[in-house]
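# This is the structure alone, sequence omitted:
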């Protein structure tokens, strides 16, 4: 006998008793003789038999398994499975096809919100469980809203039915012929919002897109318009014919800085447009400002969509100077732009960023 067999016999004597009868071996703890019809008779009322335990990948790495080889596949099926090789393929104990493994967890991407929906990107798991992945499912928290994508590889799932202005995170699972695997890590928090929706003390006029300055992947930002018109001169009398120190910008995202500069020139008070805008307190917010020329375009687009209650028979002022005595204005009749003086009493609409 080899050293391995001697060691095995010694272990058997240490843990129980072994007896031989007519070529049969018995392992038990009560000294009973083995059954003559069995080469090995294991008997116990307190312990079980443990076959080799291995993963699906370890099982499939066995070279030329002999017929009758038995193992416990720890990650096959939903809970693990006892399997036997029949000389051609692995089977379960009833002779059916052995279960494969569940796929691994997908890798979550950066989710983005939309109008009552979210887009959830993911990367396929490195391990598909031994069979082709057939679909992926994204699930929201809270609400358990789901979206499904039928394909084998990476992609983006759209989850609909969400409630705007509610914050969600998402997980993604992969499914193959065996079943559904573990969920990915949770995504970033996403808040679905829609243009025209009441939010942040006013109405959402614009939601930033990837090409916009200030866009942050996985976050929702944009422009909110107040719900009331204000009017007055653009500057107090002393500065109606002079440039604002440092100048103003026409670009989207510059309205707040423009407003700061105008207030610094004209002083505290609400007798001029920028001062009125900053003093507006819709929703309890104190960061309202006079929109720049390009931000005012977004308010006109909001009007075209039927939101905001704007006066369509006039124009609205921006915080962007055209020259020393005039500023850009936006006509809400046809969407055109022009320049008008700083001293007249014309409409304006405060905005704030979110």
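Sure thing, it's come through. The structure displayed is predicted, hence computed values, not measured ones. Numbering: from 1, shown residues only.
# hey, where'd the helices end up in this structure?
Along the chain, counting by DSSP state H, helices occupy 3-15, 56-60, 255-266, 273-279, 293-304.
# Could I get the average pLDDT for the longest one?
Confidence over helix 3-15 (mean pLDDT, whole number) is 46.
# could we number from 26 for the rest of this?
Sounds good: first residue 26 from here, last item helix 28-40.
# Just tell me which of the helices of the chain ends up closest to residue 107.
helix 81-85 (11.7 Å; C-beta to C-beta). C-beta coordinates here come from the backbone N, C-alpha and C atoms, glycine included.
# Mean neighbour count added to the helices of the chain, as CSV?
Output for the helices of the chain, formatted as CSV (neighbours: other C-beta atoms under 10 Å):
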stretch, mean neighbour count
helix 28-40, 10
helix 81-85, 18
helix 280-291, 21
helix 298-304, 23
helix 318-329, 22
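# per-stretch mean pLDDT over these, give me the minimum one.
Looking at the helices of the chain, the bottom one is helix 28-40 with a mean of 46.
# domain assignment for this protein?
As assigned by automatic domain parsing, the chain contains the domains 28-117, 132-200, 223-378.
# So which of those is nearest residue 209?
domain 132-200 (4.3 Å).
# now that closest one: mean pLDDT?
Mean predicted lDDT for domain 132-200 stands at 97.
# before we move on, back to that, I'd like the helices of the chain written out as a markdown table, with distance to residue 98 added.
Formatted as a markdown table, the helices of the chain follow (distance: least, C-beta to C-beta, whole Å):
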| stretch | distance to residue 98 |
| --- | --- |
| helix 28-40 | 25 |
| helix 81-85 | 5 |
| helix 280-291 | 62 |
| helix 298-304 | 68 |
| helix 318-329 | 59 |
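# what's the burial count for the residue lying closest to residue 250 once chain neighbours are set aside?
The shortest distance from residue 250 to any non-neighbouring residue, by C-beta to C-beta, 6 or more residues apart in numbering, is to residue 230 (4.3 Å). Residue 230: 27 surrounding residues under other C-beta atoms under 10 Å.
# Kindly report the same for residue 239.
11.
# which ones are touching it?
Going by C-beta atoms under 8 Å, 6 or more residues apart in numbering, residue 239 touches 233, 246, 278.
# how much space between it and residue 314?
As judged by C-beta to C-beta, to the nearest Å, residue 239 and residue 314 stand 15 Å apart.
# if I read this right, residue 81 contacts residue 126, doesn't it?
Yes. Using C-beta atoms under 8 Å, residue 81 makes contact with residue 126 at a distance of 3.7 Å.
# Could you tell me which residues touch both of the two?
98, 100, 101, 154, 155.
# Next up, the contacts around residue 370.
Residue 370 neighbours (C-beta under 8 Å, 6+ apart): 256, 257, 258.
# That should have said residue 262, apologies.
With C-beta under 8 Å, 6+ apart, residue 262 has these contacts: residue 368.
# Now restrict the contacts of residue 370 to buried residues only.
Buried residues within the contacts of residue 370, defined by neighbour count using 16 or more other C-beta atoms under 10 Å: 257, 258.
# need the contacts of residue 370 in JSON lines with distance to residue 169 and pLDDT, can you?
What follows is these, written out as JSON lines (distance: C-beta to C-beta, whole Å; pLDDT from 0 to 100):
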{"residue": "256", "distance to residue 169": "49", "pLDDT": "97"}
{"residue": "257", "distance to residue 169": "51", "pLDDT": "97"}
{"residue": "258", "distance to residue 169": "55", "pLDDT": "98"}
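# Which single one of the contacts of residue 370 is nearest to residue 147?
residue 256 (51.1 Å).
# distance of the closest one from residue 368?
Counting by C-beta to C-beta - residue 256 and residue 368 are separated by 13 Å.
# can you check residue 171 too?
From residue 171 to residue 368 the distance is 59 Å (C-beta to C-beta).
# so residue 137 sits right up against residue 183, yeah?
No. Taking contacts as C-beta under 8 Å, residue 137 lies outside contact range of residue 183: 10.4 Å.
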